[in-house]
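# Fold the following, please.
(2 chains)
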There are 2 protein chains.
Amino acid sequence: MISAPSIKPFFPPQRTLMGPGPSDVYPQVVHALSKPTIGHLDPEFIRMMDELKALLQYAFQTQNPMTLAVSAPGSAGMETCFVNLVEPGDTVIVCRNGVFGERMRQNVERVGATPVVVDNAWGEPVDPTAVEAALKAHPEAKFVAFVHAETSTGALSDAKTLAALARQYDCLSIVDAVTSLGGVELRVDEWGIDAIYSGSQKCLSCVPGLSPVSFSDRAVEQIKARKSPCQSWFLDQSLVMGYWSGDGKRSYHHTAPVNALYALHESLRLLAEEGLEQAWARHKAQHQALAAGLADLNIEFIVEADYRLPQLNTVKVPGGVDDAAIRGRLLNEFNLEVGAGLGDLAGKAWRIGLMGYGARSENVALCLQALKQVLR
Amino acid sequence: MISAPSIKPFFPPQRTLMGPGPSDVYPQVVHALSKPTIGHLDPEFIRMMDELKALLQYAFQTQNPMTLAVSAPGSAGMETCFVNLVEPGDTVIVCRNGVFGERMRQNVERVGATPVVVDNAWGEPVDPTAVEAALKAHPEAKFVAFVHAETSTGALSDAKTLAALARQYDCLSIVDAVTSLGGVELRVDEWGIDAIYSGSQKCLSCVPGLSPVSFSDRAVEQIKARKSPCQSWFLDQSLVMGYWSGDGKRSYHHTAPVNALYALHESLRLLAEEGLEQAWARHKAQHQALAAGLADLNIEFIVEADYRLPQLNTVKVPGGVDDAAIRGRLLNEFNLEVGAGLGDLAGKAWRIGLMGYGARSENVALCLQALKQVLR
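A predicted model of the protein is given here:
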């Protein structure tokens, strides 16, 4: 026998999470998470799942029947959209202005399709004019994929215009709303978005591990009309829908992450209780308070004011300052997590999240005062 | 605006979970689950992840460095093994004696490989003689895939012999240990298993949503020698290992399901504290107590005594008894969940789980007395 390691229970410190996610979790969500586990085919659980679908539809502002939570993190939500919709040989316009646009491109390649990349600089929004030019140059394109809120740069793109462009050129839109859902205006039906995915651990302030997704009827038709089977068994929505369909049958596909789904139900319930528009306004107000304080500290934003995500403030590491040392001091002295730069911005940026439950005055105050002290 | 649904907090009933999983969760695991969420790149979290790897290695009885938990349920663990190891055009011997062997076959097809199916009847173990005949008939085969403990039938197969056969014919073994890990003898290194996956919600008595996996060095070589990239981005182990490698870097791949990983850490810690061999013996003892009581009620097992899983007792629905009505009464009158039959056994079998924390005298007593009353 390989002998048993002697390991003590783990007690994590109490952090204030102001990075790019996971964000501070609502206390009520922590409570929901620890409710008794029941079976994923239990009638009580199925009733909860019906409520969860209604709550997801509200958060996405959609009436899409095919709205559900993938039993895995946002990256799996991304993959769910690509492997179900895109077939080998298809052409996909991929807008790339940060890490997650690049990840979309990799997803397109892995389904054996052809990505046509429309690049914008890191920190800039996607340029609709460039997307339209690509659509004109590639009449064979079937999809337009873009990131609504780029988590790696803090830039907000105009999802309404981009989704409308996709429709105009008879393409389906695939939208990354991992960081946007619950934090900024997003209207799936009104804007005509066809496939969208998000994550539980950003502006929903739930624990990480689930990915809300929604597919329009046009997208569902595309899935049904596939010539080849979906390459993933786990993410195949034609199978998953047997469980989420709400026809009362809930046939077994995989064991649902029961407790995480309790948590998502509660976080979406709190969002519905607050109201989406109120949540958007709260994120904006807290962002403005943070931005004013950062200006006093002479800390500059990377993104132009018009395109800044209120929920993810990407700022320049001040000249002569040791990025990692400062983040380490914030963590060790103040239990405050602030995000590092990713990809092109590694070492050059901090990402300060004000997401969901984290978008509160006390978090803004802590962050400003702690930064002031460690930068002194 | 689509208006907000008015939904109350969800309070699940307190069930006793004696189905095929999820199983009763340890109270300590529920507590671990609700500890404060910290970042997945936090030094404290990374320390916990190092411990988690050691605990997983102990549970699997392996020193494989590539041992980790996939951030999704067991079905994703299955897919992780197939999409990383198997390439288009490869031949895979797939042993099918229940639902999960069939699911393996579907996974093989979805990677564009050729399954050679070795069938055994539902309720029977995999027959090594038939597997050897298939290996002889298909010298091109590169993999042998089988289910150690068939969750759909309650039959235990001889993983040691099957893994040895695979090696003898220069194949890699891919083993489903979703229901076996922690419940019956399993020794990955000693038996020479190459790729194995499990689930958190069976004999580990953790919440559902995670899939422990382990790859031998031979399997890792195979992954490194792939001619084509892994078709899944989310499950690509060459990317995931950047986070789990334990070289102190922990580069970002996806946001880890932080709280669920706390829970898995605690459940594996409790298993290590009890001792694997003690846990196996406890499952066996509780199974014997249940079997004796079921005999008194004239309830017959589907599987022969030699191949019965102690942790999943599959029995015949007695003649003239309404399957669904009885399970409904157990649930409604006793808050006791017992599993229905799946696939070929739908309507004909009950699956009574004694998994992990659920393998306790009080659960056996409740189940026997409740069954006695509702069958009266």
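
# Only C-alpha atoms from now on, for both contacts and neighbour counts.
Will do.

# lowest confidence element among the helices and strands of chain A?
Least confident helix or strand, chain A: helix A:237-244 with a mean of 81, by mean pLDDT, DSSP states H and E.

# could you say what helices and strands the next helix-or-strand element following it packs with?
Toward the C-terminal end, the helix or strand that comes next after helix A:237-244 (DSSP states H and E) is helix A:258-274. Judged by 3 or more Cα pairs under 8 Å, 6 or more residues apart in numbering or on different chains; DSSP states H and E, the packing partners of helix A:258-274 are helix A:27-33, helix A:43-60.

# What lies in contact with helix A:258-274?
Helix A:258-274 is contacted from outside by A:26, A:28-30, A:32-40, A:48, A:51-52, A:55-56, A:58-59, A:182, A:200, A:204-207, A:209-210, A:279, B:4-10, B:207-209, using Cα atoms under 8 Å, 6 or more residues apart in numbering or on different chains.

# and if you look at stretch A:199-207?
Outside stretch A:199-207, the residues within contact range by Cα under 8 Å, 6+ apart are A:20-26, A:29, A:73-74, A:77, A:177-183, A:208-212, A:260, A:263-264, A:267-268, A:271, A:311, A:355-358, B:37, B:257-259.

# and stretch A:219-233, which residues are buried?
When burial is assessed from 16 or more other Cα atoms under 10 Å in any protein chain shown, stretch A:219-233 yields the following buried residues: A:219-220, A:223, A:229-233.

# out of those, what pair is the most spread apart?
Comparing every pair within those by Cα to Cα identifies A:219 and A:233 as the most remote, at 18.6 Å.

# Hmm, residue A:120 is touching residue A:128, no?
No. Applying Cα atoms under 8 Å as the test, residue A:120 and residue A:128 come out as separate, 10.5 Å apart.

# Neighbour count: these two, which is higher?
residue A:128 (18 against 15; other Cα atoms under 10 Å in any protein chain shown).

# count of neighbours near the residue nearest to that one when sequence neighbours are not counted?
In space, not counting the residues next to it along the chain, residue A:128 is nearest to residue A:162; the distance is 6.2 Å by Cα to Cα, 6 or more residues apart in numbering or on different chains. Per other Cα under 10 Å, the neighbour tally for residue A:162 reads 26.

# Is residue A:162 in a helix, a strand, or coil?
Using DSSP: H, G, I helix; E, B strand; the rest coil, the three-state assignment for residue A:162 comes out as helix.

# Per-residue pLDDT of it, please?
The predicted local distance difference test score for residue A:162 is 98.

# again with residue A:32
pLDDT, residue A:32: 98.

# Look up how far residue B:12 lies from it.
Separation of residue A:32 from residue B:12 (Cα to Cα, to the nearest Å): 10 Å.

# Neighbour count for those two, which is higher?
For the pair residue A:32 and residue B:12, the greater number of neighbours falls to residue A:32 (24 against 16), based on other Cα under 10 Å.

# Just give the nearest non-adjacent residue to the more buried one, would you?
When the adjacent residues along the chain are set aside, residue A:32 lies closest to residue A:263, with 5.2 Å between them (Cα to Cα, 6+ apart).

# quick one: low-confidence parts of chain A?
Along chain A, the model assigns pLDDT under 70 to residues A:245-250.

# Now do the helices in the stretch 151-300 of chain A.
Using DSSP state H, counting those that start in this stretch, the helices found in the stretch 151-300 of chain A span residues A:159-168, A:188-191, A:217-224, A:237-244, A:258-274, A:276-296.

# so does the second one get close to chain B?
Looking back up the chat, that one is helix A:188-191. No. Contact between helix A:188-191 and chain B is absent, the nearest approach being 9.1 Å (criterion: Cα under 8 Å from any Cα of the partner chain).
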